[in-house]
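Q: here is a sequence together with a model predicted from it:
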Amino acid sequence: MSELNRLGNQLPAEFAHPVVDRTRSIRFKLNGRKVAGLEGDTVLSALLANGIVAAGHYGKDSIALDENTAPAVVVEGNEARADLAMPMAICPAVDGASFLTVGPRPNATRTFAARFLPQRNDTLGLDYDSGSAAPGGWLDTEASRRISADVAIVGGGVAGLSAALAAAQKGLRVCLVEKEATLGGLSMFFGKSEGEPVPDETISALASQIGESGLITLSLGTLAFDIASGTIEAIRITKTGALPQPERLAITAETIILATGMVGRMPIFPGNRLPGVSEASAAWRLAARYNVWPGQSAHIHSLTNVGYRMALLGAASEKAIARTSDPRIDPQTRFIEFCKAYGHRLGWGMAIGSVTPAGRSGLEVKLANADNGASDDHAIACDRLIVSGGWQPDLDLWLKASGPVEWNEESQSIVADGAVNGVVLAGSVAGYLSLGGCVAHGRAALESALDGRHRQVDDPRIDPVFDTPDGPLLVSPPTDQKSASAFIAPRASRAVPTLQSSGWRRQSASQPPLAGPLTTLDVVGEIVSEGLDPALVPTLCAERCILPRALQKSGLPAPFAAHVPEGIPLYLEHRFGPDQMQWSLDQGQTRRLDPGCLVFANTDDRSPLEAVGVVLADDGGKLRALLRNMGMSAGDTVYIRDGLTTLAARLDRVL
């Protein structure tokens, strides 16, 4: 295959220094298909460069191929070795290698006639029974290398780099891991703000000091996926001979700093996970790191100011920008002024109504009035829709470290709320947005981690008069069964129900209960689509934003072989305290009481939470009850509620 989605030689400065070597071509295979690439590509970036932009299907929907849906890969011959699976987004594309995908299986041809139809070459053709790939085997594999440090830092943006340098200056050994193949995070994507240094100059200065320090171990292309008990679990890909293989790391440190930054949100509209629909920061990474920009024309939809940079960068890369749209009314930002100067068509007060496939690789984008949902009948034809939907702090590892969170209504995001012993947040994941604020907070976070004192640093912002705040995340449910699904999050595993009648934000069909592990973006999507009470965020995230490890049978014996000795059901074990007791009660009357009637210490108590016991059985006038040990003795009175009736009973004897 050819690299039809690789940018040409006319590149803006931000795209002029990719991690790929444009002078060195490579060839490899995936599932038997030949793929071209460049030295420095990952398997994922090479596939996208070759025009393979779809992962496959989830139900009736074609699903875009990206980091959220890409299946794991193994070198051919290792398909039975789950421990040798590698994340496609960080697995290097190696010349001459032959890879296989693991997890979702290829679509099965269901009819004889379908065998003779032309096959699409822009998809992996995989069948997803959920919208995301199954987790890789590296989650359940023992670490092959253990690293010990004084300070471990996750995230190589300016906050992480600043924290690493601050630690090294104190003589501490530092291990810094970064998922990307280069440093800087999204600093360059956000661009230069007035009164601040140029982002790439700041990144270069910090990176050069990192290289000069003899106390900082830097690991690029390393995915940290879990954290517990002072240990970060991570995976990186190494080359043994000519072929890549995974290396599982366990990094232990007394102090852990999470400088994980932010992840982009996707507005919820029909077709938001179709091939060709991209979140803006992900699209920027693809172009800046690998010079990949699918299609020749793009529509830019943004409810943030920075999203307009993709129109400017696309035009500078000789891509046609069909139009830009924004749900805000008359937003103000220097990026919009630049767009006006370059003659881009701008549209205010418009949301995405729906997106549908057009032809073999194009899209038709229909806009809608952001206020009342009235549809614009004119469809915008383009190859690609790039959407900037705002930001969610990347709290994945914070939650895995049992970090507390809460819902922030103003920013429509989940934010950290509280502290975790030995783990601190730094930079934008902690709420700092300016370049200078993130650099300063990286240093402050290191100091706070060492002495336990919270430090606030300056985080200068542009006046809202000149830089309009981000708009709200909008929801546009599908209005008929033929529409593409409107997924709540990039994993594309759960969609907003179809409206029962046409209109904007009318009543939708009820949703089935949430199932399986969740990400913060899943929870955000559920809240903004009114499928979840924001008050449930702290508990739900603590219970469900977990690592989906495989469950294995324990070699240890069950904690109790049988529960017969006390003669009570298993679910009542310790229900009324570790020293609960069985008593015989004398109710002084012949009324029969059923098991399950609650026992209270006072007649006014009614809530089950106030119960001090429960009736186990009625043995011919004598009740057998399980009671809290309250220091009571024979002859003392308790009260039994049977429906709306309260009955007095005297303690007879301990059984």
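A: The structure has been received and is ready for your questions. Numbers count the residues shown, from 1 in each chain.

Q: from residue 201, how far off is residue 422?
A: Using Cβ to Cβ, to the nearest Å, residue 422 is found at 34 Å from residue 201. Placement of C-beta: from N, CA and C, glycine included.

Q: same question, residue 570
A: For residue 570, the distance to residue 201 (Cβ to Cβ) stands at 65 Å.

Q: list the buried residues of the strand or helix carrying residue 200.
A: Using DSSP states H and E, residue 200 sits in helix 199-212. With burial defined by 16 or more other Cβ atoms under 10 Å, the residues of helix 199-212 counted as buried are 199, 202-203, 206-207, 209-210.

Q: for that helix, the averaged confidence score.
A: Helix 199-212 comes out with an average pLDDT of 93.

Q: now do that helix: which elements does it pack against?
A: helix 158-169, helix 187-190, helix 435-451 (3 or more Cβ pairs under 8 Å, 6 or more residues apart in numbering; DSSP states H and E).

Q: tell me how far the closest residue to residue 608 other than its chain neighbours lies from residue 499.
A: Leaving aside its sequence neighbours, residue 608 sits nearest to residue 598 (Cβ to Cβ, 6 or more residues apart in numbering; 6.2 Å). Applying Cβ to Cβ, the value for residue 598 to residue 499 is 45 Å.

Q: same thing with residue 204?
A: 51 Å.

Q: can you pull out the helices in the stretch 1-150 of the chain?
A: 43-49 (DSSP state H, counting those that start in this stretch).

Q: looking at it, residue 491 is touching residue 522, isn't it?
A: Yes - with contact defined as Cβ atoms under 8 Å, residue 491 reaches residue 522; the gap is 6.8 Å.

Q: please identify the deepest-packed of the helices and strands packed on helix 199-212.
A: helix 158-169 (a mean of 27; mean count of other Cβ atoms under 10 Å).

Q: what residues does that one touch?
A: Outside helix 158-169, the residues that touch it by Cβ atoms under 8 Å, 6 or more residues apart in numbering are 150-151, 153-154, 174, 176, 178, 183-185, 187, 199, 202-203, 206-207, 209-210, 213, 215-216, 255, 257, 259, 261, 426-429, 432, 435, 438-443, 445-447.

Q: same question for stretch 642-655.
A: 581-589, 591, 593-594, 597, 599-600, 603, 622-624, 632-641.

Q: before we move on, what about stretch 607-619?
A: Counting by Cβ under 8 Å, 6+ apart, 567-568, 572, 575-576, 580, 582-583, 592-601, 605, 623-628, 630, 638, 640 sit against stretch 607-619.

Q: low-confidence stretches in the stretch 51-200 of the chain?
A: For the stretch 51-200 of the chain, the stretches flagged by pLDDT under 70 are 107-120, 130-131.

Q: could you rerun that using 90?
A: By pLDDT under 90, the low-scoring segments of the stretch 51-200 of the chain are 59-60, 82, 103-121, 127-137, 191-198.

Q: do the stretch 351-500 of the chain as well
A: 359-361, 371-378, 452-454, 456, 461-466, 479-483, 491-493, 498-500.

Q: C-terminal to the helix or strand containing residue 339, what's the next element?
A: Residue 339 is part of helix 334-341 when elements are defined by DSSP H and E. The C-terminal neighbour of helix 334-341 among helices and strands, as given by DSSP H and E, is strand 346-348.

Q: how about a markdown table for the helices and strands packed on helix 199-212, with distance to residue 409 added?
A: Formatted as a markdown table, these follow (distance: least, Cβ to Cβ, whole Å):
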| stretch | distance to residue 409 |
| --- | --- |
| helix 158-169 | 25 |
| helix 187-190 | 24 |
| helix 435-451 | 23 |
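
Q: looking at the ones you listed, which is nearest to residue 345?
A: Distance to residue 345, taken as Cβ to Cβ, is lowest for helix 187-190 among the helices and strands packed on helix 199-212, at 23.0 Å.

Q: give me the distance from that closest one to the chain's centre.
A: Computed by Cα atoms, centre = their mean, to the nearest Å, the chain-centroid distance of helix 187-190 equals 20 Å.

Q: and that helix, what does it pack onto?
A: helix 199-212, helix 280-290, helix 435-451.

Q: quickly run through the sheet partners of the helix or strand harbouring residue 387, with directions.
A: Assigned by DSSP H and E, residue 387 falls within strand 384-388. Counting by DSSP bridges, the strands paired with strand 384-388 are strand 277-279 (parallel), strand 297-302 (parallel).

Q: may I see these organised as JSON lines, with mean neighbour count and mean pLDDT added?
A: Formatted as JSON lines, the strands paired with strand 384-388 follow (neighbours: other Cβ atoms under 10 Å; pLDDT from 0 to 100):
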{"stretch": "strand 277-279", "mean neighbour count": "24", "mean pLDDT": "97"}
{"stretch": "strand 297-302", "mean neighbour count": "26", "mean pLDDT": "97"}
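
Q: can you tell which of these is closest to residue 286?
A: Nearest to residue 286, of the strands paired with strand 384-388 and by Cβ to Cβ, is strand 277-279 at 7.8 Å.

Q: what's the distance between the closest one and the middle of its chain?
A: With Cα atoms, centre = their mean, you get 16 Å for strand 277-279.

Q: adjust the sequence numbering to begin at 58 for everything that follows.
A: All right, first residue 58 from here; so that's strand 334-336.

Q: tell me how many other residues crowd residue 639.
A: When neighbours are defined as other Cβ atoms under 10 Å, residue 639 has 16 of them.
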